[in-house]
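Asker: coords below, sequence missing:
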């Protein structure tokens, strides 16, 4: 389990690697690095890492298995638990999930977080494709 003292200064690379003015390996802000840490913990399925089988979260299981009315609650819980276990330098303020307005088979998950060292809140959004999503929306009549 990560400790807060091990991540006192957040500087360096951040995920996803996107080419910017400074190239792919340009230094990022502490919020970009924290977001990269959280995405890595969220998108790694439990049991997928050799020698660290307890790393990851249940986000992929929640989205790619059968979706239902409790999916939003399960995703919020998965994000909060992954941050608590693997990103102790991040405080999750809110998790908002909804189908994307551009693509009905994509789930839009907006995470509002802050760092433990300061109280500034930051919003970041991740889009998760799911083939099951459109069938659930049509079944619910949304």
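Answerer: Nice, thanks for sending it over. All of these numbers come straight from a predicted model, not from anything done at the bench. Numbers count the residues shown, from 1 in each chain.
Asker: quick check: mean pLDDT across whichever strand or helix holds residue 35?
Answerer: The secondary structure element spanning residue 35 is helix 30-43 (assigned by DSSP states H and E). The average pLDDT for helix 30-43 rounds to 88.
Asker: can you pull the buried residues of whichever helix or strand comes after it?
Answerer: Toward the C-terminus, helix 30-43 is succeeded by helix 59-64 as the next helix or strand (DSSP H and E). Across helix 59-64, burial judged by 16 or more other CB atoms under 10 Å covers 59, 60, 62, 63. No exception for glycine: its C-beta is placed from N, CA and C like everyone else's.
Asker: in this protein, which spans are strands?
Answerer: Listed in chain order, the strands of the chain (DSSP state E) span residues 90-99, 106-115, 122-129.
Asker: Okay, now the sheet partners of the first one, with direction.
Answerer: In the sheet containing strand 90-99, its partner strands are strand 106-115 (antiparallel), by DSSP bridges.
Asker: Okay, angle between the strand it pairs with and helix 30-43 too, please.
Answerer: Interaxial angle of strand 106-115 relative to helix 30-43 (axes from the mean of the first three to the mean of the last three CA atoms, to 10 degrees): 130 degrees.
Asker: quick one, strand 106-115 and strand 122-129 angle?
Answerer: Per the same axes, to 10 degrees, the angle that strand 106-115 makes with strand 122-129 is 150 degrees.
Asker: Contacts for strand 106-115 next, please.
Answerer: 10, 30-31, 34-35, 38, 63, 75, 79, 83, 89-101, 120-130, 133 (CB atoms under 8 Å, 6 or more residues apart in numbering).
Asker: Buried among those? Make that a PyMOL selection.
Answerer: To isolate in PyMOL the members of the contacts of strand 106-115 that are buried, counting by 16+ other CB under 10 Å, one can use:
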select buried, resi 10+30+31+34+35+38+63+75+79+83+89+90+91+92+95+97+99+100+122+126+128+130+133
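Asker: surely residue 60 meets residue 45?
Answerer: Yes: the pair residue 60 / residue 45 is scored as a contact, 4.8 Å apart, by CB atoms under 8 Å.
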